[in-house]
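Peer 1: My questions are about this predicted structure, shown below with the sequence.
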Amino acid sequence: MRRTTYIQALNEALREEMQHDQNVFLIGEDVGHYGGLFRVTRNLLDEFGEKRVLDTPISEQAFMGMALGAATVGLRPVVELMYMDFTLVAADQIFNQIAKYQYMTGGLLNVPLVIRGQQGGGKRYGSQHSQSVDSLYAHFPGIRVVAPATPYDAKGLLKSAIRDDNPVAFLEHKMLYFTRGEAPPPDEEYLIPIGKADVKREGADLTIATFSYCLLQALEAAETLQEEHGIDCEVVDLRTVEPLDTETVWESVAKTGRLLAVHESYANCGVGAELVARAYEEAPQLLRAPARRLGMAPVSIPVSRVLEEEALPWKNDIIATVLEMERG
Amino acid sequence: MRRTTYIQALNEALREEMQHDQNVFLIGEDVGHYGGLFRVTRNLLDEFGEKRVLDTPISEQAFMGMALGAATVGLRPVVELMYMDFTLVAADQIFNQIAKYQYMTGGLLNVPLVIRGQQGGGKRYGSQHSQSVDSLYAHFPGIRVVAPATPYDAKGLLKSAIRDDNPVAFLEHKMLYFTRGEAPPPDEEYLIPIGKADVKREGADLTIATFSYCLLQALEAAETLQEEHGIDCEVVDLRTVEPLDTETVWESVAKTGRLLAVHESYANCGVGAELVARAYEEAPQLLRAPARRLGMAPVSIPVSRVLEEEALPWKNDIIATVLEMERG
Amino acid sequence: MQLANSATDVDATEDGGVQATVTNASDIESRAVSTSITTDVLPSMSATDLDVPALSTDLLVEMYKKALTIRLMEEALLASAEEGQIGGAMHTAIGHEANAIGAAAALRRGDYVTCTYRGHHHGLAWGMDPGRAIAEVMGRSDGFAKGKGGSMHFVSPEHGMMGANGIVAAQVPHAAGLALASHIRGEDRVAITFFGDGALFQGVMHETFNIAAKWKLPLIFYCENNRYSEMTPIWRTSSIEDIYLFPRSYGMDSMQIDGNDVEVVHAAVSQAAERARSGAGPTFIEGITYRLAGHMAGDLETYRPQEEVEKQQAYEPLTVLRQKLLARGVDDARIAAIDEEIDEMIDEAVAFAENSPWPDPAETYLDVFVSTTYGEE
Amino acid sequence: MQLANSATDVDATEDGGVQATVTNASDIESRAVSTSITTDVLPSMSATDLDVPALSTDLLVEMYKKALTIRLMEEALLASAEEGQIGGAMHTAIGHEANAIGAAAALRRGDYVTCTYRGHHHGLAWGMDPGRAIAEVMGRSDGFAKGKGGSMHFVSPEHGMMGANGIVAAQVPHAAGLALASHIRGEDRVAITFFGDGALFQGVMHETFNIAAKWKLPLIFYCENNRYSEMTPIWRTSSIEDIYLFPRSYGMDSMQIDGNDVEVVHAAVSQAAERARSGAGPTFIEGITYRLAGHMAGDLETYRPQEEVEKQQAYEPLTVLRQKLLARGVDDARIAAIDEEIDEMIDEAVAFAENSPWPDPAETYLDVFVSTTYGEE
Ligand SMILES: Cc1ncc(C[n+]2csc(CCOP(=O)(O)OP(=O)(O)O)c2C)c(N)n1
Ligand SMILES: Cc1ncc(C[n+]2csc(CCOP(=O)(O)OP(=O)(O)O)c2C)c(N)n1
Ligand SMILES: [Mg+2]
Ligand SMILES: [Mg+2]
């Protein structure tokens, strides 16, 4: 298999799905003529024209609502939010409308659309351009949440997200864009099902369940833990946050007896807390030590390199928490 | 002590704080001439005039942002959202601005304001007028979240919220408005500290930690559990959701060994999951059975009486969960 | 401000059309000092000159039936609400009927409509069944949305009715999205969206005005200006004095019309739809109307004088329609027969709804997600 | 559209003031066919007639110093960004300086300002220290916000600078709230808020226009129209052809001015502030300007032709200011001396910032909440 970047994988997924289904269209700021601030949509305007790649004004509420309207009659909008923090600007349309529309209409209408864009810290964008919104999206029923960490998963899952008949939040991470990984050539179609986790590292001692860029941090932490402390972590890439593939996680915990959930969105009322709560609901007998979670510190992500590093729940924090758990 | 309604208690708290501090002003839809859709602000325009009781157009983003601006120079806005669901319309101003402003300015500015209004189900208002937003507010650092269940607590906590130098989300519940309870006469000032839970029923077998209208449901459930099953529940009224008074909860769990967290916001990534996660972080040794949480079903609250009842995590669900926990 | 015109008192013109004429001088006087945001404006005092072709008597009879169906359903619903059979927030459209009926008649099957929580009249005007509508409001299993949506979420895709909404103005971009779908697919469908005077001050309105105008979407913005936003008269919060002039800032065509006269509404929406289908873009219509009942069931209406309501009664849609029928030679007896027919129909609809079973509690958990199988392909 | 006027070529009038005059005929011609959203409009082609009193030479010298300070700081920051010392999104205001400087000089101590992520020029114009500003952008402990806010969140309450903002248009209601505070307290402070042409299409702008106009808040809306919203020219997404005309829909006064000329900006903001203080309400000012650098550090500027940038160079604030100084008899030598002085000052500021220690990681957890004690009273 060739190696490609995360951005390239996304771009290919969009192109292939636009070729595959003429109901798919792109809408957002700078997505057309410029090709997207992060170049995910580059060249697509040329190939598909102005009716299928729409440059909008800075009107997130309107174009998000328009995507809903178009989706109810079978179009498949892929909406780019330039930064996922802008979810909050369009929050009514996303959570009061898109997530609820199928339910409120008793199933008469459904909303097959994708909201995609990048989130996350690590590049000193500060409070309003770095926050992770996975837990926020997961809190509201009615919207699927996908956050792949590798180019391979990104492509397969974006294609699935576009074909899904439900609204899907597709969360990229700014630190992943230029990472490379293996993927089949563009013409070899593959889809990755939404809602299936993937064990990215096997291990015997402790399960780290994570997703998005934290996966890379967890894999690095696992190496260090192995080398320096002889602790053998299994790393489960959740890939999808809603629905959560707890089955795969419990299978892993059945082996390890220990669970640590890690994510970059705020810890408080986050996906990690959710996974811990479900562990005690669904599989308490598997846990040989208290399940733990690790998320962003309860601060709104500072700009300074030093402070940002302190706030992010990355490698060093993962190692420290695992060591704490091992010590009991 | 006299008995008064929850609405009356809120009205008195507002009046007293407006008398006490001329920086306090009210802003929102229908709050002035009409006195608020739920009459919480009635008569205050007459007493304090148009500069301190401001009727706005239906422009939640603007008046929320204006409250921030005014608060940074020492005014103390009390913003009414007619239904707390409209949080989502003003979400950028609330979560990207108000919650973050102190942090982003390195503490140079702070935002002493209160966002108040009613949330919750039980009156068939459906998907967009019934949802509980406590977990949503709690997810974002920088904003306190208070949700009192009795007239006494409502008055004391609203006064504290107004005097607090931080933004406070003050969450009322539509089912509580006409409930009555004891309270000191209007001239006898009292404040209830934000962040202190209150044991509303003592018990030996299991701790139910809850707040807002679920408290009343939990108390009823506790009576039934006592009478019909001989299970003696302790009911802790969290009153404040951010910060969580875990100390009081662990004290209770030290006695009972069992914890059930109950709230009406969606269970997924909710306050209940958070409390369970913290229990295993901070006090795992106290738990003699897996800690559990109960929240709204993962649906966006239907209108039909039958369906709404099914979705709400009220008395019967509490009883069923407690029985499950007791059976082990 | 343009001179006030009215289409309430209609004169047949040579070509069979009706030319809107001024009602009376005192109305003009009050119009000259007031604006469309004040409560003393009557529907008949609208500002836009419009050629109003006469509709056929048959169509007017149908429209009268529809208007009465809506009115009687609303009244039945209010009675049920008073009995406690209906919870939540139920907003009736009593007084607003002509806006919906005139518009629905001017549009085609295949066109789309979205509207507000005050959407019963749109639902019925677009063809929804009163029995299933009442069942929905009551939360019964025969409701079109199985009792999940209720009064604020009327919806019927088969009729092009794509959803009422509980969040002020949220339905407006939805309609723009439907218009965009038509545009992308190269269809000639148009979308119309109804909203209130108070909705004008939600930010998303502005965003949608701009995009719709820029992209020349086949969209009709229809403001039902009843001069109240809940319990607050709109003049108290609006800096805009004549609503219909505002959208011209976006280069959009606009009209201010008598929203209580089905023929005027029909003419205005027909014109707007034609523009939309021709590719000329969106039109804004301000229909001057009045809500004769409370903002929602249970509203005690302490915020407006009874005389104000009484003054508006003379211009309310059913009265206007009855006058039109009489002028066309449909006699009192015929009208009385229709009244009886509709009255019975609504009684039956109420009975149908009341006998409809409650939904199965298991229904609560359905319709959150569609299940998809692409992943397993 | 009003006739285009320019205040770039200034003629002293009898009373010592300067009357804005037309630059040249070809500019007018292009103006007559274009609008304020097209990239071929030059700052000097603004539409509003305005009496522009001459500012003292001393003040102009101060303004030149300020403009140069800003410019050199921006250039130093861009260089640091290229070296990797600065992360995130850093938006420089190169070309925008006069908008901030003219406005700041027209307002009083005690007035308030809010602005966008493109806020370095406002920060410095309002009196912030370049050294601490650079330290902030670099994330050092001597930054005014201890490195927490960075480039997008300039703030200095002691100077009335109440915050730049990373969310387009979010700062606009904040300024309205500051104006409201002044109104509630019966003070004569005014607030000014800066935003871009692209910001106009955020819904909250509309909401704030309406409220500010209705409540007659002492507020100045200042649009820095550089014709680009990130990489998209504003004509591609705007249905509004002349931005300054739009706010008139709310009954608001508005002007379109040369935003690159400090004297013109000063005159316009002075007039608006006077209106605001007199209780007459908000004013909208559209300052035609141009961003000479990329949207943010690292922008390759593939979306605009180099000739377009070159054409605008002749109208850029520093050039205009230098011309003014020369016309006032401030000679080349004096200007060169100033240039050297400021250059040194910025070198020192950069050195100060680079030597500023990194914040203590423990600082991460502070400033989330103020601790309060009322509960224990
Ligand atoms: C975003 C939002 N804010 C507030 C409300 C509460 N609310 C419901 S109807 C209404 C008044 C709307 O007035 P208008 O748009 O004139 O429509 P009308 O009810 O008069 O038909 C308000 C404030 C809401 N549903 N949504
Ligand atoms: C709500 C929101 N949407 C999008 C962005 C991304 N963004 C940052 S600057 C910008 C363009 C703003 O253009 P304009 O208002 O003209 O200001 P300028 O940058 O030209 O000074 C955009 C789209 C944002 N920060 N906030
Ligand atoms: Mg209205
Ligand atoms: Mg711009």
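Peer 2: Nice, thanks for sending it over. Residues are numbered from 1 along each chain as shown, chains lettered A, B, ... in the order given. Ligands and ions are numbered 1, 2, ... in the order given.

Peer 1: any idea which residue sits dead centre in the chain?
Peer 2: Picked chain A for this. A:A147 (1.7 Å; Cα atoms, centre = their mean).

Peer 1: hm, I was asking about chain C
Peer 2: C:A100 (3.6 Å).

Peer 1: Verify the stated contact: C:E301 with C:G294.
Peer 2: Yes: at 5.2 Å, C:E301 and C:G294 qualify as touching, with contact defined as Cβ atoms under 8 Å. From N, CA and C alone the C-beta is placed, and that goes for glycine too.

Peer 1: Counting neighbours, go ahead and name the busier of these two.
Peer 2: Under the criterion of other Cβ atoms under 10 Å in any protein chain shown, the comparison of C:E301 against C:G294 puts C:G294 first, with 20 against 13.

Peer 1: Just confirm that one is within a helix.
Peer 2: No: under the criterion used here (DSSP: H, G, I helix; E, B strand; the rest coil), C:G294 is coil, not part of a helix.

Peer 1: quick one: the helices in chain C?
Peer 2: Secondary structure of chain C (DSSP state H): helices located at C:25-33, C:57-82, C:97-106, C:120-125, C:130-138, C:171-185, C:203-214, C:262-277, C:306-313, C:317-327, C:332-355.

Peer 1: on contacts alone, who are the packing partners of the shortest one?
Peer 2: Secondary-structure packing of helix C:120-125 (3 or more Cβ pairs under 8 Å, 6 or more residues apart in numbering or on different chains; DSSP states H and E): helix C:57-82, helix C:97-106, helix C:130-138, strand C:161-165.

Peer 1: Take these and write them to JSON lines, including mean pLDDT and distance to ligand 4.
Peer 2: Listed next are the helices and strands packed on helix C:120-125 as JSON lines, based on pLDDT from 0 to 100; distance: least, Cβ to the ion, whole Å:
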{"stretch": "helix C:57-82", "mean pLDDT": "98", "distance to ligand 4": "48"}
{"stretch": "helix C:97-106", "mean pLDDT": "98", "distance to ligand 4": "39"}
{"stretch": "helix C:130-138", "mean pLDDT": "98", "distance to ligand 4": "47"}
{"stretch": "strand C:161-165", "mean pLDDT": "98", "distance to ligand 4": "33"}
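
Peer 1: Ligand 2 is nearest to which of those?
Peer 2: strand C:161-165 (22.6 Å; Cβ to the nearest ligand atom).

Peer 1: C:P305: neighbour count?
Peer 2: C:P305 has 10 neighbours, counted by other Cβ under 10 Å.

Peer 1: so what pLDDT did the closest residue to A:M296 other than its chain neighbours get?
Peer 2: Spatial nearest neighbour of A:M296, excluding adjacent residues (Cβ to Cβ, 6 or more residues apart in numbering or on different chains): A:Y266 at 4.9 Å. Among the per-residue scores, A:Y266 shows a pLDDT of 98.

Peer 1: A:Y266: neighbouring residues, count only.
Peer 2: For A:Y266, the neighbour count with other Cβ under 10 Å is 25.

Peer 1: repeat for A:K51
Peer 2: Using other Cβ under 10 Å, A:K51 is surrounded by 13 other residues.

Peer 1: Let me see the contact set for it.
Peer 2: Counting by Cβ atoms under 8 Å, 6 or more residues apart in numbering or on different chains, A:K51 touches A:F25, C:H183, C:I184.

Peer 1: what's the spacing between the closest residue to A:L275 other than its chain neighbours and ligand 1?
Peer 2: Spatial nearest neighbour of A:L275, chain neighbours left out: A:A261 (4.2 Å); criterion: Cβ to Cβ, 6+ apart. Separation of A:A261 from ligand 1 (Cβ to the nearest ligand atom, to the nearest Å) stands at 35 Å.

Peer 1: State the phi and psi torsions of A:A261.
Peer 2: phi -100, psi 140 (degrees, to the nearest 10).

Peer 1: Go ahead and confirm it touches A:G272.
Peer 2: Yes: the pair A:A261 / A:G272 is scored as a contact, 3.8 Å apart, by Cβ under 8 Å.

Peer 1: Overlap in contacts, the two.
Peer 2: With Cβ under 8 Å, 6+ apart, A:A261 and A:G272 have common neighbours A:R293, A:L294.

Peer 1: For A:Q285, which three-state class applies?
Peer 2: helix.

Peer 1: tally of neighbours for it?
Peer 2: When neighbours are defined as other Cβ under 10 Å, A:Q285 has 8 of them.

Peer 1: Now do the contacts for the residue nearest to A:M296.
Peer 2: So A:Y266 contacts A:Q131, A:S132, A:S135, A:G295, A:M296, A:P298, B:H139, B:F140, B:P141 (Cβ under 8 Å, 6+ apart).
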